[in-house]
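Asks: I would like to see how this sequence folds:
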Amino acid sequence: MMALRNSFVFMICAVVLAGCVKTTSVVMPEITFTHMKPYSLAVGELRVEQTFEASQTAPRIELRMKQPPVQTLRRWAADRLTAVGGKAFARFVVVDASVIEQALATDGSFTAYFTNEQAARYEATVEAFLEIQSDDGLKKASAVTRVKHAVTIAEKSSLNDREQALFDLVEGLMKEFNARMEKSMVEHLSPWMR
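Replies: All right, here's what the predicted structure looks like:
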């Protein structure tokens, strides 16, 4: 009878404790580039396009992310590029903005229970080009940038840990994209930069 009462008390405590656990999601800031001075381009129009199609079919996960790379690339173009007038026009085209999830092999032995192995790897790639075309559609010049970053997540990571890691992945990816695209623009598009 005592064993039954102890089991009942344990179950009640477990239910109460489970009700106290909160599964709230971490709120991440929006990745923007408004703190940076925009580039003024001597073009009459700036078009933002994409040939890339986001997916959530394994191993791709970008449609499950709160801030997928395609969204941050489009935000980069909106915050960093301005058309200030001219006969030519500019096209910013997103070619790749994929994120791939890969399960990593973990040790299933008893001793592995006491470790926290890396269980998943996320690899993000962004590629885009900024092209200047004359009013008759002839390509005058272009700046192309491709960046790839990866991060791993431990097997005992929470959902919040995973979201933070994916946020950090995209933020780092876009910092490098910004730096490389700036360099490429200066090298290839300076006649159209004001």
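
Asks: number of residues surrounding the residue nearest to Met193 when sequence neighbours are not counted?
Replies: The shortest distance from Met193 to any residue that is not its chain neighbour, by C-beta to C-beta, 6 or more residues apart in numbering, is 6.0 Å, and that residue is Tyr39. The C-beta positions use only the backbone N, C-alpha and C, and glycine is treated the same way. Other residues within reach of Tyr39, judged by other C-beta atoms under 10 Å, total 19.

Asks: cool, and Glu30?
Replies: Glu30 sits with 10 neighbouring residues when counted by other C-beta under 10 Å.

Asks: contacting residues for the nearest residue to it once chain neighbours are set aside?
Replies: Residue nearest to Glu30 in three dimensions, not counting chain neighbours: Gln67, with 6.9 Å by C-beta to C-beta, 6+ apart. Counting by C-beta atoms under 8 Å, 6 or more residues apart in numbering, Gln67 touches 28, 30-31, 167, 170.

Asks: and for Arg91?
Replies: Contacts here follow C-beta under 8 Å, 6+ apart; on that basis Arg91 touches 46-47, 49, 130-131, 133.

Asks: shouldn't it be within a strand?
Replies: Yes. With DSSP: H, G, I helix; E, B strand; the rest coil as the criterion, Arg91 is part of a strand.

Asks: for it, give the beta-bridge partners.
Replies: Arg47, Glu131 (DSSP bridges).

Asks: give me the pLDDT for it.
Replies: Reading off the per-residue confidence, Arg91 sits at a pLDDT of 97.

Asks: alpha carbons of stretch 92-102, in CSV - could you do that?
Replies: Coordinates of the C-alpha atoms in stretch 92-102 are reproduced here as CSV (Å, rounded to 0.1, in the frame of the first residue of the first chain):
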residue,chain,number,x,y,z
PHE,A,92,20.0,42.4,-57.8
VAL,A,93,19.4,38.7,-58.3
VAL,A,94,19.4,36.0,-55.6
VAL,A,95,20.8,32.9,-57.1
ASP,A,96,21.2,30.7,-54.0
ALA,A,97,20.0,31.1,-50.4
SER,A,98,19.8,27.5,-49.2
VAL,A,99,20.3,25.9,-45.8
ILE,A,100,21.0,22.2,-45.5
GLU,A,101,20.5,20.1,-42.4
GLN,A,102,22.7,17.0,-42.0
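
Asks: just how off-centre is that stretch within its chain?
Replies: A distance of 9 Å separates the centroid of the chain from that of stretch 92-102, by C-alpha atoms, centre = their mean, to the nearest Å.

Asks: please apply the same query to stretch 123-138.
Replies: On C-alpha atoms, centre = their mean, the centre of stretch 123-138 falls 20 Å from that of its chain.
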